[in-house]
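Q: quick one, what's the 3D model for this:
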Amino acid sequence: MRLVVLGARGGVGRRAVRAAVDRGHDVVAAARGPQAPPDPADPTDPVGALGARGRVVPVELDVRDAAAVRRALEGADAALWCVGVTPRSGGDVGRSALPHVLTALRELGVPRLVTVSGAGVAVPGERKGPGARLVSAAARRFGGDLVRDKEGEHALLAATGGELSWTEVRPPRLREADATGSWVLSERAPGLTARAVAKGDVAEALVHLATSREQDRRSPFLLAGTGGPDGPRRQR
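A: Numbering: from 1, shown residues only. Below you'll find the model as predicted:
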């Protein structure tokens, strides 16, 4: 498959590039700002993994540029949205830029999109226990622009027609670590004691979901736990 990773320089995005390449996919690694030349001798450099089973094409773009986004998505089989609010992005980067992605996917006939949100982000109609409600309240109080932006992204996804298959994963706290191979997709909201999820595991889940229609038009929680692409990935 040809996967486009938007936000390919971030902690999740760069690991998603590497996970996709390791599984033999062709990858367009799209990120803001110039990307460093590939270093095939550096195993931690996803763009340098050109000698692996897949290949990587680095693309410099601003996701707010609709024409650039459309060009990056041409010929794609699926897209991964790994963009989040940063000091440089502005507080509404998702709400401003995701519409460009959705329009391009529709016009180009790209059928699949997988995005990253957060466990503290509320989805209309869901029920959360007391601990999960505390997590959401804390996220809204301290997460500021990030939470508002991710809630805006969900509203955009929910408003799409049936021609686009999307999944929005919602991990709790993230930790800067490569994949452990142990992650679970769950409908049950995590509480205050939920373990932080390795960014590498989020990346592995994104790539797995991009190649299937699991959790179609749903927003499962992504938790640290026993599972992975070859094991159980759901708990009820």
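Q: please verify my assumption that residue 190 contacts residue 221.
A: Yes - Residue 190 is within contact range of residue 221, at 5.9 Å (criterion: CB atoms under 8 Å). Any C-beta I mention is one placed from the backbone N, CA and C, and that applies to glycine too.
Q: need the overlap of contacts for those two.
A: Counting by CB atoms under 8 Å, 6 or more residues apart in numbering, the shared contacts of residue 190 and residue 221 are 119, 172.
Q: hey, which helix or strand in this structure has the poorest pLDDT?
A: strand 234-235 (a mean of 40; mean pLDDT, DSSP states H and E).
Q: kindly state the pLDDT recorded for residue 40?
A: Residue 40 is assigned a pLDDT of 44 by the prediction.
Q: right, and the helix or strand after the strand or helix carrying residue 150?
A: In this assignment (DSSP states H and E), residue 150 forms part of helix 145-158. For helix 145-158, the following helix or strand on the C-terminal side (DSSP H and E) is strand 165-169.
Q: shaky segments in the chain?
A: Flagging of the chain using pLDDT under 70 yields the residue ranges 33-54, 85-87, 89-91, 132, 135-143, 226-236.
Q: can you give me the helices in it?
A: Ranges of helices in the chain, per DSSP state H, are 11-22, 66-73, 93-108, 130-143, 145-158, 199-210.
Q: residue 217: which of these is closest?
A: helix 145-158 (7.9 Å; CB to CB).
Q: between that closest one and helix 93-108, how many degrees?
A: 20 degrees (axes from the mean of the first three to the mean of the last three CA atoms, to 10 degrees).
Q: so how far is helix 145-158 off the chain centroid?
A: 13 Å (CA atoms, centre = their mean, to the nearest Å).
Q: over to stretch 189-202?
A: Counting by CA atoms, centre = their mean, stretch 189-202 comes out at 15 Å from the chain centroid.
Q: got the helices of the chain as JSON lines, with mean neighbour count columns?
A: Below are those laid out as JSON lines (neighbours: other CB atoms under 10 Å):
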{"stretch": "helix 11-22", "mean neighbour count": "26"}
{"stretch": "helix 66-73", "mean neighbour count": "18"}
{"stretch": "helix 93-108", "mean neighbour count": "19"}
{"stretch": "helix 130-143", "mean neighbour count": "15"}
{"stretch": "helix 145-158", "mean neighbour count": "19"}
{"stretch": "helix 199-210", "mean neighbour count": "26"}
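Q: adding distance to residue 114, write those helices out as JSON lines.
A: Below are the helices of the chain laid out as JSON lines (distance: least, CB to CB, whole Å):
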{"stretch": "helix 11-22", "distance to residue 114": "9"}
{"stretch": "helix 66-73", "distance to residue 114": "14"}
{"stretch": "helix 93-108", "distance to residue 114": "12"}
{"stretch": "helix 130-143", "distance to residue 114": "21"}
{"stretch": "helix 145-158", "distance to residue 114": "11"}
{"stretch": "helix 199-210", "distance to residue 114": "5"}
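Q: now for these, which one comes closest to residue 182?
A: Of all the helices of the chain, helix 199-210 sits nearest to residue 182, with 6.9 Å by CB to CB.
Q: now the closest one against helix 11-22, angle please.
A: Here helix 199-210 runs at an angle of 60 degrees relative to helix 11-22 (the same axes, to 10 degrees).
Q: list of residues touching helix 199-210?
A: By CB under 8 Å, 6+ apart, helix 199-210 touches 1, 3, 11-13, 15-16, 18-20, 23, 25, 78-80, 82, 112, 114, 116, 167, 169, 171, 174-183, 185, 214-215, 222, 224, 228-229, 233.
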